[in-house]
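Engineer: 3D, please:
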Amino acid sequence: AKLQNLLGNNYWVKNFGVSGRTMLSKGDYPYINEQAYKDCQQFKPNIIVIKLGTNDSKPKNWKYKDEYVKDMRNMIGVFKALDSKPKIYLCYPIKAFSNKYAISDTVIHDEVIPMIKKVAKKEKLSVIDLYTPFEHYKEGVQSDGIHPNEKGAQKMADVVYGAITKE
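Structural biologist: Residues are numbered from 1 along each chain as shown. Sure thing, here's the model as predicted:
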């Protein structure tokens, strides 16, 4: 809703995100198994913003880290093959200020983000850096130190808006 407000009536923003999901197909809750993934494809979007990686950083998921790049490229391939030929953006996850739910900021920063950067370069996709704007913005996350609050959601929308309208 925040991104829709920023982009205005020339865009139709739909949220196909599902909380707690992974990019990893062997993760505890893979996004590719969700109805939202199928719904996104049927929507035939012109723009797709992918923000996954936070839940992948959990040890029970990250043990499959060698498959992260392959799984990301597979998802991108599905989206690139859509008739609508969407512009695809890959997002860096926001900073994790705690290890609640076994989420690891070290893994996010030192491993997930470099993998996203590598795939974006190889696939010639734009990156939206959500990590840096949140690096010192603890007031943008809920008390769990992980999930964005109202201020954080607005900051994320602002950053995504800036990336979309810049191009």
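Engineer: hey, where'd the strands end up in this structure?
Structural biologist: Secondary structure of the chain by DSSP state E: the strands cover 47-50, 87-92, 126-129.
Engineer: dump the ones you listed into JSON lines; add distance to residue 56 as well.
Structural biologist: Just so you know, the C-beta spots here come from the backbone N, C-alpha and C atoms, and that holds for glycine as well. Putting the strands of the chain into JSON lines (distance: least, Cβ to Cβ, whole Å) gives the following:
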{"stretch": "strand 47-50", "distance to residue 56": "12"}
{"stretch": "strand 87-92", "distance to residue 56": "12"}
{"stretch": "strand 126-129", "distance to residue 56": "17"}
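Engineer: local confidence estimate at the residue nearest to residue 119 when sequence neighbours are not counted?
Structural biologist: If the residues on either side of it in the chain are set aside, residue 119 comes closest to residue 72, at 5.1 Å by Cβ to Cβ, 6 or more residues apart in numbering. Turning to residue 72, the model gives it a pLDDT of 98.
Engineer: likewise for residue 149?
Structural biologist: Model confidence at residue 149, given as pLDDT, is 97.
Engineer: mind listing what it touches?
Structural biologist: Counting by Cβ atoms under 8 Å, 6 or more residues apart in numbering, residue 149 touches 139, 140, 141, 142.
Engineer: make a markdown table out of the residues you listed and add pLDDT, neighbour count and distance to residue 106.
Structural biologist: Putting these into a markdown table (pLDDT from 0 to 100; neighbours: other Cβ atoms under 10 Å; distance: Cβ to Cβ, whole Å) gives the following:
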| residue | pLDDT | neighbour count | distance to residue 106 |
| --- | --- | --- | --- |
| 139 | 97 | 9 | 22 |
| 140 | 97 | 20 | 20 |
| 141 | 98 | 20 | 17 |
| 142 | 97 | 13 | 20 |
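Engineer: mind putting those residues into JSON lines with distance to residue 11?
Structural biologist: Shown next, in JSON lines, are the contacts of residue 149 (distance: Cβ to Cβ, whole Å):
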{"residue": "139", "distance to residue 11": "28"}
{"residue": "140", "distance to residue 11": "24"}
{"residue": "141", "distance to residue 11": "27"}
{"residue": "142", "distance to residue 11": "27"}
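Engineer: wait, which of those is closest to residue 6?
Structural biologist: residue 140 (16.5 Å; Cβ to Cβ).
Engineer: ok, now which ones touch the closest one?
Structural biologist: With contacts defined as Cβ under 8 Å, 6+ apart, the neighbours of residue 140 are 94, 134, 148, 149, 151, 152, 155.
Engineer: pull the number of nearby residues for residue 37.
Structural biologist: As a burial measure, residue 37 scores 17 neighbours (other Cβ atoms under 10 Å).
Engineer: thanks a lot, see you next time.
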